[in-house]
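> Fold the following for me, if possible:
(4 chains)
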Protein chains: 2
Amino acid sequence: MGRQPRSNPLALAVLVCLYERPMHPYDVAQTLRSRAKHESVKLNYGSLYAVVESLEKRGLVAARETVREGRRPERTVYEITDLGRRETLEWMTDIVASPVKEYPQFLAALTFIGALPPDDALAALRQRVVALEMNLAKLRGQRRLAADAGLPRLFALEGEYEEAMVAAELDFVQRLVKDMETGALEGIDMWRMFHTEAFDPDEVALNFTFGVLRGEEPED
Amino acid sequence: MGRQPRSNPLALAVLVCLYERPMHPYDVAQTLRSRAKHESVKLNYGSLYAVVESLEKRGLVAARETVREGRRPERTVYEITDLGRRETLEWMTDIVASPVKEYPQFLAALTFIGALPPDDALAALRQRVVALEMNLAKLRGQRRLAADAGLPRLFALEGEYEEAMVAAELDFVQRLVKDMETGALEGIDMWRMFHTEAFDPDEVALNFTFGVLRGEEPED
DNA sequence: GATCGTGTATTCGATTTAGGATATTCTGCC
DNA sequence: GGCAGAATATCCTAAATCGAATACACGATC
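Predicted coordinates:
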C-alpha cells in the first residue's frame, strides 16, 4: 500500500518533520508553528492525530515509544520508516512537478458574480482591492524582515510565491474595477439591466444562459 | 441560524441555481455542468445531496414537491426561500470583498522543497513549467473560443482570472528555475551540500533551522 | 431480441476533518 | 502558597466528503 490518499498536505508536513527526527504529534505541531510552516500548510490540532494514525496504518511512520512524564497525558513518539522516506520524496516531487486544479473561493464568486447587482459587486471588488493591498504590504514587510535577518532566499520561497500570487490577483481585480467604472467591460449594460427592475429571478438566468461553452475538457 | 457553515462553495452554487428556478439536485448538477461551472466549483455528486439537505436544515431552501416518473427514483424539487436569497447575496458579497487565506499544494511543497535533493527539485520544477505552459495555452484557447462565439467578457471572467493566476505562477517558477540554474538563488550551495553525502536526516534539519521567523502574525 | 453502453437520479458507507472538550502541568504574581 | 491563565498533549464527536453502488430507462448494435 501507500498509494491513494495523498490528499492532506498536513500528512506531508508530518512526514517531513519526522524525516528530521522522531517526534510526538504535539511536538510536530510546535515545530511547524515555530517555523511558520502553518502559513503554508493548514495546521489543525484536531486533524493531526488522525493524520498520524493514518500514516501509521499505511506503514509510513511507526510508533517508537510512548512515554509519560509525571501525570501528563501519554505521548507517543513516532519515527519515519524507509517506506515513509521514499513516499516523502515521491510525494514532494509529484506536487512540484504536476500542478493540480484547485478551487479558490474567489473563482467561484467570479463565476456567479452576475447574481449580485453590479454596483454591489463593484463596491465589494473595491474592498477586495484594499484588502489585497494590505496583504501584499504585509508579505513584503515579512520578506524584508527575513532578508534583513540574513535568511537566505532559498528559505523564503513560500513568501515570495504568495507575494507573486497576491500581486497578480490584485492586478486582475484592479483592472476589472477600472473596466467596470469606465464601462469597458463588455456586457455590463446588460448586467445592469437585469438588476434595475424589481428582482425577477428569471433575469439572473441570463448570467447562465451565456455561461455555456468554454471548450470541452477531455483532459485531467 | 443561517450563520457559520459558509464553508462549502458547492452550497453557494446550489443557492445561485435555485435563485434562477426550482430544481432537483441532479438538475442542479446538470445545469452547473452544462455551463462549465464545475471548472470553478468542485462538483461532487456524493456531496451534493448532503449539501442540499444542510441548506434545507438551515432554512435557505425548501422541498417543494417530490415527483416520480415511471419507475425512476423519486426526485425532490427544491426552491430557494427569502432567507436563502438574502444569504446568497450576503455570501457572494463577502467572498468578493474579503480574501481568505487558502492553502494551495504548491505552497506546501515550496515550504518543504529543501527536503528534495536540489537536482531533483530542479527537474520537477522544469516539468511544472511545461505543465503550466500547457494549462495556459488551453485557457487562452478557451477564451478565444468564447470570444469568437460572441460571449461577452463579463461571462468569461473566471477564465480570465485563472489565466492571470497561472501566468503569474508560471512566471514565478520560470524565474526560480533560472536562478537555480545560474546559482543566483542564495542558499543553493548550502542546499546542495546537505544532499551530497549519504542522507543524514539531521542535515535536512537545516532547512528548518533557518525557516524560523517570518514576522509574528498577530492578525487574522 | 439479447446485450452493451450511456444517461438519469439517488443513496450508502468508510474515512477525513474541524473544533471543541478534557485533563494535567507550568509560570508568574501577589 | 494559592490562584489565574497559558501551555502541554490528546481524545471525542458530529459533520463533511468522496467514491461506489444501486436501479432504472433508453438507444444502438449484433
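
> which residue ranges form the helices in chain A?
A:9-20, A:25-34, A:45-57, A:82-97, A:105-111, A:118-148, A:157-182, A:188-194, A:201-210 (DSSP state H).

> Provide the partner residues of whichever residue of chain A sits closest to DNA strand D in its beta bridges.
Among the residues of chain A, A:R75 lies nearest to DNA strand D; the distance is 3.1 Å by C-beta to the nearest atom of the strand. C-beta: built from backbone N, CA, C; applies to glycine. Beta-bridge partners of A:R75, counted by DSSP bridges, are A:V67.

> Help me confirm that it comes into contact with A:M23.
No - contact between A:R75 and A:M23 fails when scored by C-beta atoms under 8 Å: they sit 9.4 Å apart.

> Compare those two (neighbour count), which wins?
A:M23 (22 against 15; other C-beta atoms under 10 Å in any protein chain shown).

> which residue packs closest to that one, ignoring adjacent ones?
A:C17 (6.1 Å; C-beta to C-beta, 6 or more residues apart in numbering or on different chains).

> What about that neighbour, how many residues nearby?
By other C-beta under 10 Å, neighbour count at A:C17 equals 26.

> what do you get for A:K42?
15.

> Nearest approach to B:T81 belongs to which of the helices of chain A?
Checking these against B:T81 by C-beta to C-beta gives helix A:201-210 as the closest, at 12.6 Å.

> how many neighbours does A:T196 have?
9.

> Distance-wise, check the residue nearest to A:M23 relative to A:L154.
Remark: distance between A:C17 and A:L154 (C-beta to C-beta, to the nearest Å) = 19 Å.

> and if you look at A:E160?
Relative to A:L154, and taking C-beta to C-beta, A:E160 is found at 10 Å.

> ok, these two, which is more surrounded?
More neighbours surround A:L154 than the other of A:E160 and A:L154, with 21 against 17 (other C-beta under 10 Å).

> give me every residue that touches the residue lying closest to that one once chain neighbours are set aside.
Among residues not flanking A:L154 along the chain, B:G187 sits closest, at 3.0 Å (C-beta to C-beta, 6+ apart). For B:G187, the contact set (C-beta atoms under 8 Å, 6 or more residues apart in numbering or on different chains) comprises A:P152, A:R153, A:L154, A:F155, B:F210.

> how many neighbours does the closest residue to A:L83 other than its chain neighbours have?
If the residues on either side of it in the chain are set aside, A:L83 comes closest to A:G59, at 5.3 Å by C-beta to C-beta, 6+ apart. Neighbourhood size, A:G59 [other C-beta under 10 Å]: 14.

> Check whether A:G59 really touches A:R85, as I assumed.
No - with contact defined as C-beta under 8 Å, A:G59 and A:R85 do not form a contacting pair (11.8 Å).
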